[in-house]
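Asker: model the structure of this input:
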Amino acid sequence: MARGVKKAFTEEGVARLSAPRGGRREIGDAVQRGLVLRIGETGVKSWSVIYKVPGERGVSPTGRPLKGSQKRITIGQYPAIGVAAAREEAGRIIRQALEGKDPRPERREANLLRHTNSVEAVSKRMVELAKKQVETWPGWSRCCAITSGPPWATVRSQT
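Answerer: Numbering: from 1, shown residues only. Next up is the predicted model:
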């Protein structure tokens, strides 16, 4: 990110930002620390968060936690994710990092889970969601075990 390039993002302001002539442009948010808007030469705008985790490199001789290397997490593309949602997610990521916990492994697991689409995996996710919403869970459980059991367990779903 270019040093000192920060703006207080608004929906209208972000929408008006144009693509750079070559390469990529990064603009930091003046409101939420660590939030960055990247604009590619094709005009695609995406949100990311830059952070360091305190204590990742151990402790200094004086007892102060040493910060680890700089990390980046991409939140998503604009306009699918607006300014307010990007700030909220960036704040959550920064808070986790300040507590000494790197949020990347958790996000990686969530992405793997979301992209696993075998019948067995999808039915397990459906079952976990249904447990929270269905009052007669034992009946649902038997139904799912019968209809999505072993013959269909390893078949890849189409979605």
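Asker: show me the strands in this structure, by range?
Answerer: Using DSSP state E, the strands assigned to the chain run over residues 6-7, 24-29, 35-40, 45-51, 54-59, 65-67, 71-78.
Asker: distance to residue 98, mean neighbour count and mean pLDDT for those strands - can I get that in JSON lines?
Answerer: In short, each C-beta sits where N, CA and C put it, glycine included. Converted to JSON lines, the strands of the chain look like this (distance: least, CB to CB, whole Å; neighbours: other CB atoms under 10 Å; pLDDT from 0 to 100):
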{"stretch": "strand 6-7", "distance to residue 98": "20", "mean neighbour count": "15", "mean pLDDT": "84"}
{"stretch": "strand 24-29", "distance to residue 98": "17", "mean neighbour count": "18", "mean pLDDT": "91"}
{"stretch": "strand 35-40", "distance to residue 98": "15", "mean neighbour count": "20", "mean pLDDT": "93"}
{"stretch": "strand 45-51", "distance to residue 98": "8", "mean neighbour count": "21", "mean pLDDT": "93"}
{"stretch": "strand 54-59", "distance to residue 98": "7", "mean neighbour count": "13", "mean pLDDT": "75"}
{"stretch": "strand 65-67", "distance to residue 98": "10", "mean neighbour count": "13", "mean pLDDT": "76"}
{"stretch": "strand 71-78", "distance to residue 98": "13", "mean neighbour count": "16", "mean pLDDT": "90"}
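Asker: tell me which of those strands sits nearest to residue 127.
Answerer: Of all these, it is strand 71-78 that lies closest to residue 127, at 28.0 Å by CB to CB.
Asker: now for the closest one, which elements pack on it?
Answerer: Applying 3 or more CB pairs under 8 Å, 6 or more residues apart in numbering; DSSP states H and E, we find strand 71-78 packed against strand 45-51, helix 83-98, helix 104-114.
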